[in-house]
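>>> next come a sequence and a model predicted from it.
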Amino acid sequence: MNLENASHEQLRQWEAQLSADYEAIVARKLSLDLTRGKPSAEQLSLADALDGILKGNYKSADGTDTRNYGGGDGLPEARALGAAILGTSQAETLAQGNSSLTLMFQCLLNAVQFGFNGPDSAWGKQGKMTFICPVPGYDRHFTLCEQLGIDMVTVPMGTDGPDMDRVEALIQQDPSIRGIWCVPKYSNPTGVIYSDAVVSRIAQLGKLAQPGFKIFWDNAYAVHDLGEPQPLANIMDACKAAGTEDTILQFASTSKITHAGAGIAFVAMSEQNLKSFRAFLGAQSIGPDKVNQLRHMRLIANADQLATHMQAHAAILQPRFDAVLTALDSAFTGSDLGQWETPAGGYFVSFDTRPGCAKAVVKLAADAGVKLTPAGATFPYGKDPQDANIRIAPSVPSVAEVVGAMEVFVTCVKLASVRQKLAS
């Protein structure tokens, strides 16, 4: 189906048939949810051995009684796991509570309120604060900025990462820019992996930016490959080579590895940044949940066990992604109704409708019983200037439910597109 060369009569025929198809779907009273990238119950069950795994033995490898206070950096073996995921050293890596998002907020708050290099370096004392946000991107990053009064400016995502020409130009033009958000592997929602060249240029940003600039490197999907593990250049190594290691803050967690609400979050940074952040954390807590960290170490004690565990996740996720991509390929290949990425991992498929159609598609789908992420959610302030991007999250429903949801999605995209063209 191509709309640009279709006659008015052809469009009217398509609209009539698609409307009938849509009403038939509505009559089925579906209730399906593709809104958030959460692990399915089947995936969560892969880590159910966590329950009772300690069998009364609360001693860590170095003899620490994990039931007691202390150990603000986290268990050494948990820090080693985080370092393996992030490509950092254990000395550079902290293991904390269940949420990497919390660690990102804490790092932002520390930078805004206290500064990573003493009180005078606090962003909040330096006037306007702005973050660069590659789009489409992760909505919760944008929420953190809004919460702390940080303005956001967007740059487009390409097939190899953010538009670095635009990023570098913004940093040189705007002294209020304090940092950039990055999801470097299987980027949320596009699934893009940053190229070596992009990683290298990001590592150089500290030379262009104002003092105190920070790269928030949210490597949430570092080990979430659907097939063969895909490489990502090591940002810490690149920053050290550039002499900009104080600009990089790296984050990861086991939230989509074990139990999403009861995992371990990791943050890695330079010695200078750790000095500041340890003081910030120490004012809030006498130590993280080391019992939970020990449980995880008994379940995934090394990189080989982690790889085996993630292969089990991939076996559950792959058919769901296949269902999405098969539906899109079948319905839209060769058409002018949409564009999408084919990710090799992560949790999302990003689909771009014709400009001006995304909100209509999401509403049609909702009225037919299929919930999608709100149109605009992948842009700061919920405003997609093209009204085109829709994030599809297929992990939670069953394969059969994903197939059914994509039937609805395809029909809604076609119907919204035809109606828009008829109205133009």
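It's in.
>>> what's the first helix or strand after the helix or strand of the chain with the lowest mean pLDDT?
Ranking every helix and strand in the chain by mean pLDDT, DSSP states H and E puts strand 32-34 at the bottom, with a mean of 93. Once the chain leaves strand 32-34, the next helix or strand it forms, by DSSP states H and E, is helix 41-44.
>>> can you pull out the strands in the stretch 151-300 of the chain?
151-158, 161-162, 177-182, 214-218, 248-253, 265-268 (DSSP state E, counting those that start in this stretch).
>>> show me what the least confident helix or strand of the chain is packed against.
strand 370-372, helix 399-423 (3 or more CB pairs under 8 Å, 6 or more residues apart in numbering; DSSP states H and E). No exception for glycine: its C-beta is placed from N, CA and C like everyone else's.
>>> which outside residues touch it?
Residues outside strand 32-34 that contact it (CB atoms under 8 Å, 6 or more residues apart in numbering): 369-373, 392-394, 396-397, 401-402, 404-405, 408.
>>> between the strands of the stretch 151-300 of the chain, which one is closest to residue 195.
Comparison of these against residue 195 by CB to CB identifies strand 161-162 as nearest, at 6.0 Å.
>>> checking residue 311 next. Helix, strand or coil?
helix (DSSP: H, G, I helix; E, B strand; the rest coil).
>>> OK, contacts around it?
Contacts of residue 311 (CB under 8 Å, 6+ apart): none.
>>> mind checking pLDDT for it?
Note for residue 311: predicted pLDDT of 98.
>>> residue 43 versus that one, what's the distance?
In this view, residue 311 and residue 43 are 12 Å apart by CB to CB, to the nearest Å.
>>> would you mark the buried spots in the least confident helix or strand of the chain?
By neighbour count on 16 or more other CB atoms under 10 Å, the buried set for strand 32-34 is 32, 34.
>>> now that strand: how far from the chain's centre is it?
19 Å (CA atoms, centre = their mean, to the nearest Å).
>>> just so I know, which of the helices and strands packed on strand 32-34 lies nearest residue 187?
Of these, the one closest to residue 187 (CB to CB) turns out to be strand 370-372, at 18.9 Å.
>>> from the contact counts, what lies against that closest one?
Secondary-structure packing of strand 370-372 (3+ CB pairs under 8 Å, 6+ apart): strand 32-34, helix 358-367, strand 389-392, helix 399-423.
>>> doesn't residue 301 belong to a helix?
No: counting by three-state DSSP, one finds residue 301 to be coil, located in no helix.
>>> residues touching the residue lying closest to it once chain neighbours are set aside, list them.
Closest residue to residue 301 apart from its sequence neighbours, by CB to CB, 6 or more residues apart in numbering: residue 77 at 7.7 Å. By CB under 8 Å, 6+ apart, the residues touching residue 77 are 60-61, 293, 297, 301.
>>> need the pLDDT of residue 77.
For residue 77, the model assigns a pLDDT of 97.
>>> in stretch 61-81, what's buried?
Of all the residues in stretch 61-81, those buried under the rule 16+ other CB under 10 Å are 64, 66, 71, 73-81.
>>> pick the most deeply packed of the helices and strands packed on strand 32-34.
Highest mean neighbour count among the helices and strands packed on strand 32-34 (mean count of other CB atoms under 10 Å): strand 370-372, with a mean of 22.
>>> in its sheet, what does that strand sit against?
Its sheet considered, strand 370-372 pairs with strand 32-34 (parallel) by DSSP bridges.
>>> mind exporting the C-alpha coordinates of the helix or strand hosting residue 14 to CSV?
Assignment of secondary structure by DSSP H and E places residue 14 within helix 8-26. Taking C-alpha atoms only, helix 8-26 is exported to CSV below (Å, rounded to 0.1, in the frame of the first residue of the first chain):
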residue,chain,number,x,y,z
HIS,A,8,-9.0,9.5,-4.2
GLU,A,9,-11.3,6.6,-5.1
GLN,A,10,-8.7,4.1,-4.2
LEU,A,11,-8.2,5.8,-0.8
ARG,A,12,-12.0,5.7,-0.2
GLN,A,13,-12.1,2.0,-1.0
TRP,A,14,-9.2,1.3,1.4
GLU,A,15,-10.8,3.4,4.1
ALA,A,16,-14.0,1.5,3.9
GLN,A,17,-12.4,-1.9,4.0
LEU,A,18,-10.0,-0.9,6.8
SER,A,19,-12.9,0.6,8.8
ALA,A,20,-14.8,-2.7,8.5
ASP,A,21,-11.7,-4.7,9.6
TYR,A,22,-11.2,-2.3,12.5
GLU,A,23,-14.8,-2.6,13.7
ALA,A,24,-14.5,-6.4,13.6
ILE,A,25,-11.4,-6.1,15.8
VAL,A,26,-13.1,-3.8,18.3
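>>> how about the helices in the stretch 201-350 of the chain?
Using DSSP state H, counting those that start in this stretch, the helices assigned to the stretch 201-350 of the chain run over residues 205-208, 235-242, 271-282, 290-299, 303-332.
>>> contacts for the first one, please.
What that stands for is helix 205-208. Identification of contacts with helix 205-208 by CB under 8 Å, 6+ apart yields 167-168, 171-172, 180, 213, 215, 239, 242-244, 246-247.
>>> which residues are in contact with the residue lying closest to residue 357 once chain neighbours are set aside?
Spatial nearest neighbour of residue 357, chain neighbours left out: residue 416 (4.7 Å); criterion: CB to CB, 6+ apart. Residue 416 is in contact with 353, 357, 360-361, 364, counting by CB under 8 Å, 6+ apart.
>>> same list (those residues) but as a markdown table, adding pLDDT.
Shown next, in a markdown table, are the contacts of residue 416 (pLDDT from 0 to 100):
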| residue | pLDDT |
| --- | --- |
| 353 | 98 |
| 357 | 98 |
| 360 | 98 |
| 361 | 98 |
| 364 | 98 |
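>>> among the contacts of strand 32-34, which two are most distant?
Largest separation among these by CB to CB: 373 and 404, giving 17.9 Å.
>>> just to revisit the earlier point, now, among the buried residues of stretch 61-81, which is nearest to residue 264?
Closest to residue 264, out of all of the buried residues of stretch 61-81 and judged by CB to CB, is residue 78, at 5.8 Å.
>>> right, I'll leave it there.
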